[in-house]
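> what's the 3D shape of this:
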Amino acid sequence: MLAPKGKLVSCILLYGFLGIVVNFPEGYTNSFPNTSYLSFQKMMNGSFIKRGLKDGLSSSTFTWLWSATLNIWFIGYLIGTFATPFVTENYGRKWSLIISNGIALFGTFLGFMSAIFQIPELFIISRFVISIGTGISFGSLMLFMQETSPTEYRGMTSFMSETAFIATIVLGVGFGMGGVFGKNLLVLTGIALVPAILSILIMIPLKETPKFLLINRQNRKAALESIIFYQGEKNDVESMLDEILLETEDADEREPIWHSVITVIKTPVLRLAFIIGCLATQTIVPSWPLLYLSTDILSVHFPEDEAQYISLGFIGANFIAGICGLVIIEKIGRRPLLLTMGSINTLSIIFYVIFDRLAFSEPNFKWGTVASLILFGVTYGVALGPIAFFITSELVVQKYRSVVQSMVFAVNTVVNFTFSFVTLPLFDQFTSISFIFIFVCPSILSLIYLYFKMPETLGREIHEVVEELEMKSGNEKKKRNTVFPKVNKTIDSSSPKSTISETAAHYIKAGNAVDFNLS
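Numbering: from 1, shown residues only. Alright, predicted model coming up:
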C-alpha cells in the first residue's frame, strides 16, 4: 500500500510525509518558544514562587535560564550526531529512524508532562531528550531518502526534507502566537505528540534501504525486494544491485573513526574541505538565535502581538524562498549562490542594526528592521541554508565523506550552542550592536576565506573538485594517492563499466549522487 514503486506522485506523498513527521520534533519544538516565551516566563515564575521565591525570577535570571532552556538543545543534538554512524551502520536506516523517533516521542511526552504539572526543569529535560533523537534522525532520514528514492527524484526528495523542516517551523511560530495556542502550553506541547507517533507508525511497513541490505546484511534477495518496493519493476534491477556492490570496495579499507579523524586533520585536501564546510555553516549561525528570539528582539519596537506576526512573516518568507530554491539549486552554481546570498544575508543583519538604532530617534525606521529580518529569511531559505549544509559532501571522496561531514556538523553544533546561548544576554546588555561582533564579523571573515578557497561543485565529478582543492591547499605536487588510492583490479568484463577501475567507477557514481545531499 505504501510502496511508491518509482511513481512521482507516490514518491512526493511518501517522502513529503516522512519529511514532515520526522522533522516535526526539531522544527516545531524549536520554533514555538519564539512566540510563546511569555507563557513560559509565566510558568517558570509561577513555579519558583510556589517554591518560596517570593518575587519570582529577576529579569536577568530569567534571561539566563531561558537561554539555557533553549540552548540545551545543542548538547543533546551533538550527542545524537556522534551516535548516528554507530546506529545507522549497525541497525540500519529504517530502525535508526524508528529508534530516533521513539526517543523524540519520549521527550515530547516529557514536555507535555511539564506543561501539566508546571515543572520548568522537566521542560528543559524534554528538550534535551528530543534533541538526542533528532540528532540521530537528521542523518538517518537523509541516508534513507538518498538510498531509496529513484535517482531522477533524489534531488527533489532531499530538498523536500529541508522544505518540510521549514514548514514545521512555520507551524511552530504560528501555533505559539497568543491568539492561537501560545497561552495554552498544554495544547501547544501536546500537539507534537501526534506527528511523533505517526513518525514511528509510518516506518513500520516500510522496507530497509537496498544499499544497507546488500552491503551490510549481504542479503541480495531482500535488497532486490527493497528496490522494487521503492523504485518499481525495472529491467536493470540486477545491474543496479551490481552497482551498489561497487561500494563494498571501501569496506575492506575501513578504519576506526578516530583514525579517520586524524587522517582528515593531517591530509591537506581533506583538511581544507573540513575548513570550508565549517566556514560555510558559520555563515548560517545567526539563523538559530533569530529562530529562537526574533519575537523577543522585535518586542523592543513592537507590541507583543505585532512582534509575533512579524516573526511568522519572517519564517513564512523563509519557507517560500525554500520552495523557490527547489527550482534554482541545480541551475546556478553553488559558489556564486553561497557567496552572493551569504553577502546579502550578512548585509541584512547590518541593516537591522542600523534601522534598530535609528528607530529610537524616528519610530518609523522600525519597519526597516522588519524588512531586514525578512531579507535575512529569504536569502537563507533560497540557497544559503541548504548549500551550507550539503556543500561538504560535494568536496570529499566517499571514503571520508561521512567523517568530514560529521566533524563539520559537530563543530557547527558547538558554535551554534555558544552563539545562541550568549545572544540574548548580550542583546539585553549591549542592544543590537552586539550582532556586529557575534554575527557580522565572523560571517565576513568566513565569506572572504570561501571566496578564495571554495571551488564550484555543480555538474562536476568528485575527482575534479578534489584536484582543484589540492591546488588550493598547496598540495598539487602530491598525487591523489591518499584520497584516490590506485586499485589494479577492474570490474569483470561482463560489466558495462569494464574499462573503468572499481575505485573510479565508485567515485564517479558517488559524485553523481552527492549533488542531491541537501540537508
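> what helix or strand is residue 419 located in?
Secondary structure assigned from DSSP states H and E places residue 419 in helix 398-430.
> ok, and for that helix, which residues are buried?
Judged by neighbour count using 16 or more other CB atoms under 10 Å, the buried positions of helix 398-430 are 398-409, 411-413, 415-417, 419-424, 426-427. For every residue, glycine as well, the C-beta is placed using N, CA and C.
> give me the number of residues near residue 217?
Neighbour count for residue 217, taken as other CB atoms under 10 Å: 12.
> next: residue 141.
Using other CB under 10 Å, residue 141 has 27 other residues around it.
> correct me, but it touches residue 19?
Yes: with contact defined as CB atoms under 8 Å, residue 141 counts as touching residue 19 (7.5 Å).
> quick check: neighbours shared by the two?
Common contacts of residue 141 and residue 19 (CB atoms under 8 Å, 6 or more residues apart in numbering): residue 161.
> which residues touch residue 199?
Shown in contact with residue 199 (CB under 8 Å, 6+ apart): 18, 21-22, 24-25, 97, 101, 104-105.
> could you rerun that using 6 Å?
Residue 199 is in contact with 21-22, 101, counting by CB atoms under 6 Å, 6 or more residues apart in numbering.
> just the closest of those residues to residue 239, please.
residue 22 (31.2 Å; CB to CB).
> can you confirm that closest one is in a helix?
Yes: under DSSP: H, G, I helix; E, B strand; the rest coil, residue 22 sits within a helix.
> surely it touches residue 142?
No: using CB atoms under 6 Å, residue 22 makes no contact with residue 142, being 10.3 Å away.
> out of these two, which sits in the more crowded spot?
Higher neighbour count among residue 22 and residue 142: residue 22, with 32 against 24, using other CB under 10 Å.
> please name the residues that touch that one.
With CB under 6 Å, 6+ apart, residue 22 has these contacts: 137, 141, 199.
> so how far is the helix or strand harbouring the last one from its chain's centroid?
When secondary structure is defined by DSSP H and E, residue 199 falls within helix 193-201. What separates the centre of helix 193-201 from the centre of its chain is 20 Å, taken as CA atoms, centre = their mean, to the nearest Å.
> buried set for it?
For helix 193-201, burial by neighbour count (16+ other CB under 10 Å) applies to 195-196, 198-200.
> now stretch 291-300
Buried residues in stretch 291-300 (16+ other CB under 10 Å): 291-299.
> cool, and stretch 298-316?
With the criterion 16+ other CB under 10 Å, stretch 298-316 contains buried residues 298-299, 301-302, 304, 307-312, 314-316.
> just the ones in helices from those, please.
298, 304, 307-312, 314-316 (DSSP state H).
> what about residue 2, distance to residue 159?
22 Å (CB to CB, to the nearest Å).
> sorry, that was for residue 458
From residue 458 to residue 159 the distance is 14 Å (CB to CB).
> who has more neighbours, these two?
A direct count of neighbours by other CB under 10 Å for residue 458 and residue 159 places residue 159 higher, at 23 against 15.
> correct me, but that one touches residue 327?
No: using CB under 6 Å, residue 159 is not in contact with residue 327, being 9.9 Å away.
> name the element residue 208 belongs to?
Here residue 208 is assigned to no helix or strand, by DSSP H and E.
> can you tell me the closest non-neighbouring residue to residue 136?
Excluding the flanking residues, the one nearest residue 136 by CB to CB, 6 or more residues apart in numbering is residue 100, at 3.7 Å.
> the one you found and residue 133 touch, don't they?
Yes: contact criterion CB under 6 Å: residue 100 and residue 133 qualify, at 4.6 Å.
> picking up where we left off before, which one of the ones in helices among the buried residues of stretch 298-316 is nearest to residue 360?
residue 298 (14.3 Å).
> I'd assumed residue 309 was in contact with that closest one.
No: using CB under 6 Å, residue 298 makes no contact with residue 309, being 9.7 Å away.
> pLDDT weak spots in the stretch 251-400 of the chain?
The model of the stretch 251-400 of the chain has pLDDT under 70 over residues 251-255, 330, 398.
> dump the residue contacts of residue 274.
Going by CB under 6 Å, 6+ apart, residue 274 touches 264, 404, 407.
> make CSV out of these and add distance to residue 345.
Converted to CSV, the contacts of residue 274 look like this (distance: CB to CB, whole Å):
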residue, distance to residue 345
264, 28
404, 24
407, 24
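> quick check: residue 2 is in a helix.
No: assessed with three-state DSSP, residue 2 is coil; it does not lie in a helix.
> which residue is the nearest non-sequential neighbour of it?
Using CB to CB, 6+ apart, the closest residue to residue 2 is residue 205 (5.5 Å).
> circling back: quick check: of the buried residues of stretch 291-300, which lies closest to residue 386?
Closest to residue 386, out of all of these and judged by CB to CB, is residue 291, at 15.6 Å.
> coming back round to it: and which of the ones in helices among the buried residues of stretch 298-316 is nearest residue 378?
residue 314 (9.4 Å).
> now residue 374. Its backbone dihedrals?
Dihedral pair for residue 374: phi -70, psi -40, per degrees, to the nearest 10.
> does it touch residue 317 like I think?
Yes: the criterion here is CB under 6 Å, and residue 374 meets it with residue 317 at 4.7 Å.
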